[in-house]
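Trainee: Provide a 3D model corresponding to the input given below.
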Amino acid sequence: MSVSHRRFLACRESTALGTSDATLASRGWRVNKASHKLTRNQAVRECLMVARVHTVAFSGVEVLPIQVQVSLTGGLPAFTIVGLPDKAVAESRERVRAALTAIGLALPPKRIVVNLAPADLQKEGSHYDLPVACGVLTAMGVLPAEEMDAYMILGELGLDGSIAAVAGVLPAALAARRDERGLICPGAQGGEAAWAGDDMEVLAPAGLLELINHLKGSQTLGRPRPEARDEDAPLADLADVKGQESARRALEVAAAGGHNMLMTGPPGAGKSMLAARLPGILPPLAPDEALEVSMIHSVAGHLAEGRLITRRPFRAPHHSASMPALVGGGLRARPGEISLAHNGVLFLDELPEFSRPALEALRQPLETGRVAIARANGHVTYPAQVQLIAAMNPCKCGYLDDPALACSKAPRCGEDYRGRLSGPLLDRIDLHVTVPAVDPFALAPAASPEGSAPVAARVRTAREGQWERAAVLSREGLGGGRVPRLNARLDGEALDRVAAPDAAGRRLIGEAVERLHLSARSYHRLLRVARTLADLDGRDAVARLHVAEALSYRPIPLAGAGAARQDPGAGEGRRRGGRATL
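Mentor: Modelled structure (predicted):
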């Protein structure tokens, strides 16, 4: 029996016992004598209406719509939040109460119930403060319900009624635009939300009172302007690197095609110096790439002052970083360093010193360009298309190739040290470069080496050729119409079309596969590097010369070791640095 039916029977019984219509009306009910139909009075129905406002939850960079439902009913005064709130969300009732008091309003002496729907989804973060406050004000009649339905709201409240910055404003703004709604966000992040589009209404009040006055028509909030991060700070220049011509050439190849690179050499050879100069020769982010990168940093709470990122990220975590710090995770899954370096560079110095589980966790993201974090309470995916640049010493002491400085365990120490890196991980690195100690005569004042500007120009020309080629192949329907823009990510039919070598190049690759025991993955990475070398030369076809140089960046398997003769993509074998020659 429904609640309404039970009340109807009670009402009919009361009527039979002589209860007057006036008494029933005072209780909020009306009885139709002809049909015995029991209905609520209009005033009571309005009192029991539920106020609804809209906000969001985040699953990775995906935005999930959340409806905040607020009900004010009679009974003992209480303020309850339901719908799987975490500690920060549950505490929002105290921040809302204090903020309303600070602007001269008080909660009504009623039972206030706030439901965050859908109720089976965990709600995390402080950005629910402002939606809850707006929902309560709408239920109180302070804010118009029709107008509030047109906005998506997020922000953290201070005890003085101010609105503090929160994570995820940019993806929330894009989701609001898709839903044809405006956005209400903290004042400090209005420029971030404005990037969602010029035709979208964005309100960015500094405090709760400003928002109320604007919605009631007594104050006008201007639309914030989109702002980008100031990237005018000069980058390190390649002219600072003396000598190391082979390593400089490899760095240019890596930049042109987006290839992964591992540099091996003694301490002080300039490995970290070379890596630090890679951002100076990379082209700036394209608009769509800048939006992707900024969304990840917004969700992580790293988007300073709400300004869009236009320079490619360069992340260099310390070798003590844990696996969640590198790939993401934690109690509340957050993007790791590999996702924060999306469309940019992840530099791992002292590669063998990282923990083995952390390095092995990089294998799948390096192959797929995405990180999938699985937890008991959810599954989160972050983009992770990065260019891995790594550096390492040849052994623990670092002086394996210098008899005067090498330790007593050489050369065994070098094999053990490199054995910390698995074969499958090394197989995902396109360029293996030996960086020898710098000749002291190369450090003497002389003609300055080539700087970053001409190298960056060649890199940009090579990349523009790749972008145009990818656009043509996409229009032809290859790869489902979405061919990767960089050579390092080409695969399948697109790779076969653009990186097929000439007859001499094919014979050279056949010999290399037989003598170096290349895996299928290594074979395809060899073709990608050869394609990049042809792009740097301005050639349409991949020639034998390009294949030969690409082979020079492959590591030499350890002679006589059975493990090295196996497919390096299927097992773990020790390797020593060097260049392949045929």
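Trainee: now the lengthiest strand in the chain: mean pLDDT?
Mentor: Secondary structure assigned by DSSP state E gives strand 62-73 as the longest strand of the chain. Over the span of strand 62-73, the pLDDT mean works out to 94.
Trainee: next: stretch 253-269.
Mentor: 94.
Trainee: measure that stretch end to end?
Mentor: 20 Å (C-alpha to C-alpha, to the nearest Å).
Trainee: quickly find the element holding residue 433.
Mentor: Following DSSP states H and E, the helix or strand that holds residue 433 is strand 431-434.
Trainee: what strands flank that strand, and is each parallel or antiparallel?
Mentor: strand 261-264 (parallel) (DSSP bridges).
Trainee: who are the packing partners of the helix or strand just after the partner strand?
Mentor: With elements assigned by DSSP H and E, the helix or strand that comes after strand 261-264 is helix 271-276. Applying 3 or more C-beta pairs under 8 Å, 6 or more residues apart in numbering; DSSP states H and E, we find helix 271-276 packed against helix 245-257, strand 261-264, strand 345-348, strand 387-392. Backbone N, C-alpha and C define where each C-beta goes, glycine included.
Trainee: may I see the ones you listed arranged in CSV, with distance to residue 494 and mean neighbour count as well?
Mentor: Formatted as CSV, those follow (distance: least, C-beta to C-beta, whole Å; neighbours: other C-beta atoms under 10 Å):
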stretch, distance to residue 494, mean neighbour count
helix 245-257, 14, 23
strand 261-264, 23, 25
strand 345-348, 24, 25
strand 387-392, 19, 25
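Trainee: out of the ones you listed, the one nearest residue 225 is which?
Mentor: strand 345-348 (30.2 Å; C-beta to C-beta).
Trainee: quick check: mean pLDDT across that closest one?
Mentor: The average of the pLDDT scores along strand 345-348 is 97.
Trainee: what sits up against that strand?
Mentor: By C-beta atoms under 8 Å, 6 or more residues apart in numbering, the list of residues contacting strand 345-348 from outside reads 275-276, 278-279, 282, 312-317, 319, 337-338, 354, 386-391.
Trainee: one more: stretch 244-255?
Mentor: For stretch 244-255, with C-beta under 8 Å, 6+ apart as the criterion, the contacting residues are 238, 241, 259-261, 263, 269-271, 274, 277-278, 281-282, 387, 389, 430-431, 433-435, 438, 449-450, 455, 458-459, 529, 532-533, 536, 553.
Trainee: now do stretch 358-366
Mentor: Against stretch 358-366 from outside (C-beta under 8 Å, 6+ apart): 260, 321-323, 325-327, 338, 351, 371-372, 384, 386, 388, 421-422, 424-425, 428.
Trainee: what do you get if the cut-off is 7 Å, keeping everything else the same?
Mentor: 260, 321-323, 326-327, 338, 371, 384, 388, 422, 424-425, 428 (C-beta atoms under 7 Å, 6 or more residues apart in numbering).
Trainee: and stretch 488-506, by the same measure?
Mentor: For stretch 488-506, using C-beta under 7 Å, 6+ apart, the contacting residues are 257-259, 430, 469, 473, 478-479, 483-484, 509, 524, 527-528, 530-531, 541-544, 547.
Trainee: how about the strands of the stretch 151-300 of the chain, start to end?
Mentor: 151-153, 156-157, 163-164, 182-184, 202-203, 261-264 (DSSP state E, counting those that start in this stretch).
Trainee: what's the local residue count around residue 166?
Mentor: 22 (other C-beta atoms under 10 Å).
Trainee: repeat for residue 425
Mentor: So residue 425, with other C-beta under 10 Å, has 20 neighbours.
Trainee: is it in a helix, a strand, or coil?
Mentor: helix (DSSP: H, G, I helix; E, B strand; the rest coil).
Trainee: and of the helices and strands packed on helix 271-276, who's closest to residue 155?
Mentor: Closest among the helices and strands packed on helix 271-276, once you apply C-beta to C-beta, is strand 345-348, at 32.4 Å.
Trainee: and the helix or strand following the closest one, which residues are buried?
Mentor: Going down the chain from strand 345-348, the next helix or strand is helix 356-360, by DSSP H and E. Residues 358, 359, 360 are the ones in helix 356-360 that count as buried (16 or more other C-beta atoms under 10 Å).
Trainee: model confidence score at the first one, please.
Mentor: The predicted local distance difference test score for residue 358 is 94.
Trainee: before we move on, back to that, what mean pLDDT does the strand holding residue 433 have?
Mentor: If you average the pLDDT values across strand 431-434, you get 95.
Trainee: got the CA positions of that strand in CSV?
Mentor: Extracted in CSV, the C-alpha atoms of strand 431-434 (Å, rounded to 0.1, in the frame of the first residue of the first chain):
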residue,chain,number,x,y,z
LEU,A,431,67.5,5.2,-30.1
HIS,A,432,70.4,3.8,-27.9
VAL,A,433,73.2,6.3,-27.8
THR,A,434,76.6,6.0,-26.3
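Trainee: now stretch 57-75, how far from the centre of its chain.
Mentor: Put simply, stretch 57-75 sits 24 Å off its chain's centre (C-alpha atoms, centre = their mean, to the nearest Å).
Trainee: alpha carbons of it, as PDB, please.
Mentor: Extracted C-alpha coordinates of stretch 57-75, given in PDB (Å, rounded to 0.1, in the frame of the first residue of the first chain):
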ATOM      1  CA  ALA A  57      32.500  14.300 -10.800                       C
ATOM      2  CA  PHE A  58      35.700  13.200 -12.400                       C
ATOM      3  CA  SER A  59      36.900   9.800 -13.500                       C
ATOM      4  CA  GLY A  60      40.400  10.500 -14.900                       C
ATOM      5  CA  VAL A  61      39.800  13.300 -17.400                       C
ATOM      6  CA  GLU A  62      36.300  12.100 -18.100                       C
ATOM      7  CA  VAL A  63      33.500  14.300 -16.600                       C
ATOM      8  CA  LEU A  64      30.400  12.700 -15.100                       C
ATOM      9  CA  PRO A  65      27.300  14.700 -14.500                       C
ATOM     10  CA  ILE A  66      26.100  15.000 -10.900                       C
ATOM     11  CA  GLN A  67      22.700  16.500  -9.800                       C
ATOM     12  CA  VAL A  68      22.600  18.100  -6.300                       C
ATOM     13  CA  GLN A  69      19.100  17.700  -4.900                       C
ATOM     14  CA  VAL A  70      18.100  19.800  -1.800                       C
ATOM     15  CA  SER A  71      15.000  19.300   0.200                       C
ATOM     16  CA  LEU A  72      13.700  21.500   3.100                       C
ATOM     17  CA  THR A  73      11.100  19.700   5.300                       C
ATOM     18  CA  GLY A  74       9.700  20.100   8.700                       C
ATOM     19  CA  GLY A  75      11.100  18.300  11.700                       C
END
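Trainee: and for that stretch, what's in contact with it?
Mentor: 48, 50-56, 108, 110-117, 121, 123, 131-132, 135-136, 138-139, 168, 171-172, 175, 295-296, 299, 378, 380-382.
Trainee: likewise for stretch 325-343?
Mentor: By C-beta under 7 Å, 6+ apart, the list of residues contacting stretch 325-343 reads 124, 285, 289, 292-293, 296-297, 299-300, 312-313, 315, 317, 321, 324, 346, 358, 361-362, 365, 371, 373, 375, 380, 382-386.
Trainee: can you do 6 Å?
Mentor: The contact list for stretch 325-343, computed with C-beta atoms under 6 Å, 6 or more residues apart in numbering, reads 124, 289, 293, 296, 300, 313, 315, 317, 324, 346, 358, 361, 365, 371, 373, 380, 382-386.
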